[in-house]
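1. what shape does this take:
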Amino acid sequence: MFLKHNIGKTKLIDMVGMVHSSYYRKPSAAKKGNRPSEFTYHDNKGLVSQFAVIESVKSILSHPFIDCGYRLMTSYLNRDGYTINHKKLYRIMKEANLLKLDDRIDRSGSGRKFVKFRKVITTKPFDCLEMDIKVVWIPSAGKNAYLLSLIDVHTRRILKDLFAFSIKQDQVIKLLSELFMAYQYPDSVVIRSDNGSQFIAKNVREYLGLIGVSQEFTHIATPEENAHIEAYHGILRKEVFKRFEYRTFGEIEKILKEYVLFYNNERLHGLLGRITPMEKWNADKHLILIKKLTA
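-> Alright, predicted model coming up:
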């Protein structure tokens, strides 16, 4: 039209209803907008990489009670010291496949088996074990120590315990390894615990699966599903922590060691017919030794 009828470009643009700036604009091969920033500011760490942001998001999502989207996650990160808006976080979480629940990280406790029957019925030692951690205040240190106890439900014998200022998953594995090696992996063992981070840890679950021990977890806020070890820790509170004065870690550690010996060998247990846990153990231990003797 411009060449044939000698009509100016301005009139032609008006005739077809086109915006003038659109006609004269030269398209760019690059994407629109500014290039996304590769760094994010943190109050304590300064500029951090996108990888650091992703790790922080994964850490928040690993909490057993947090399962949020990018908007609420933005608030968590802001409280943690990040200067980041929801649009940038959306892009980061999308690239890391953290937006959809199905695509998120495999949490340390995912796939765990929960308790089906609250009441435990046993026929021999090692049918069912229960473990739990009790917090113990140490006055001289001004902080808590932790007591990990493992009980045999059938005999009420305390099989193993560990007293330390911190208890990590590798310590739990070591304690269980020492116990099961002593009895050459008894068959059909079930071990119960709550959902503490040391117990739901992937390494702990893999170790127990490797040696053929079934692991059960109590439901949230149901200590009665782990009643026997909870009862033992209640007895400790009444017969040790309320009766003995102590200030140092070493003092209460000595008392606890002495009490376990008393509990297993001298304290009469009403539900066992007023005999000691070791008497019950010695009466029934042959049931777990039959396979060794016949092998």
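2. quick one, strands of this protein?
-> Counting by DSSP state E, the chain has these strands, from start to end: 39-42, 46-49, 82-83, 128-138, 143-152, 158-164, 190-193, 214-217.
3. in its sheet, what does the fourth one sit against?
-> Taking DSSP bridges as the criterion, strand 128-138 forms sheet pairs with strand 143-152 (antiparallel), strand 190-193 (parallel).
4. same question for that strand, mean pLDDT?
-> If you average the pLDDT over strand 128-138, you get 94.
5. need the strands of the chain in a markdown table with mean neighbour count and distance to L12, can you?
-> Bear in mind the C-beta positions are built from the backbone N, C-alpha and C, glycine included. Output for the strands of the chain, formatted as a markdown table (neighbours: other C-beta atoms under 10 Å; distance: least, C-beta to C-beta, whole Å):
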| stretch | mean neighbour count | distance to L12 |
| --- | --- | --- |
| strand 39-42 | 16 | 48 |
| strand 46-49 | 12 | 52 |
| strand 82-83 | 16 | 50 |
| strand 128-138 | 19 | 82 |
| strand 143-152 | 19 | 82 |
| strand 158-164 | 17 | 85 |
| strand 190-193 | 22 | 80 |
| strand 214-217 | 18 | 75 |
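6. how close does the residue sitting nearest the centre point of the chain get to L47?
-> The structure's the chain has its C-alpha centroid closest to S197; by C-alpha atoms, centre = their mean the separation is 3.3 Å. S197 sits 31 Å away from L47, going by C-beta to C-beta, to the nearest Å.
7. check L162 too.
-> Taking C-beta to C-beta, one finds L162 at 42 Å from L47.
8. likewise V204?
-> Distance, V204 to L47, using C-beta to C-beta: 37 Å.
9. for E216, same thing?
-> Taking C-beta to C-beta, one finds E216 at 46 Å from L47.
10. can you check N144 too?
-> 36 Å.
11. helices of the chain, start to end?
-> Assigned by DSSP state H, the helices in the chain fall at 9-15, 20-24, 50-61, 70-79, 86-95, 169-182, 197-200, 202-210, 227-236, 249-265, 277-284, 286-294.
12. CSV for those helices, including distance to V189?
-> Below are the helices of the chain laid out as CSV (distance: least, C-beta to C-beta, whole Å):
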stretch, distance to V189
helix 9-15, 84
helix 20-24, 75
helix 50-61, 33
helix 70-79, 40
helix 86-95, 41
helix 169-182, 8
helix 197-200, 15
helix 202-210, 9
helix 227-236, 15
helix 249-265, 19
helix 277-284, 15
helix 286-294, 9
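13. least reliable of those by average pLDDT, please.
-> helix 286-294 (a mean of 59).
14. mind listing what's buried along stretch 249-263?
-> 249, 252-253, 255-256, 259-260, 263 (16 or more other C-beta atoms under 10 Å).
15. over to stretch 227-235?
-> For stretch 227-235, burial by neighbour count (16+ other C-beta under 10 Å) applies to 227-233.
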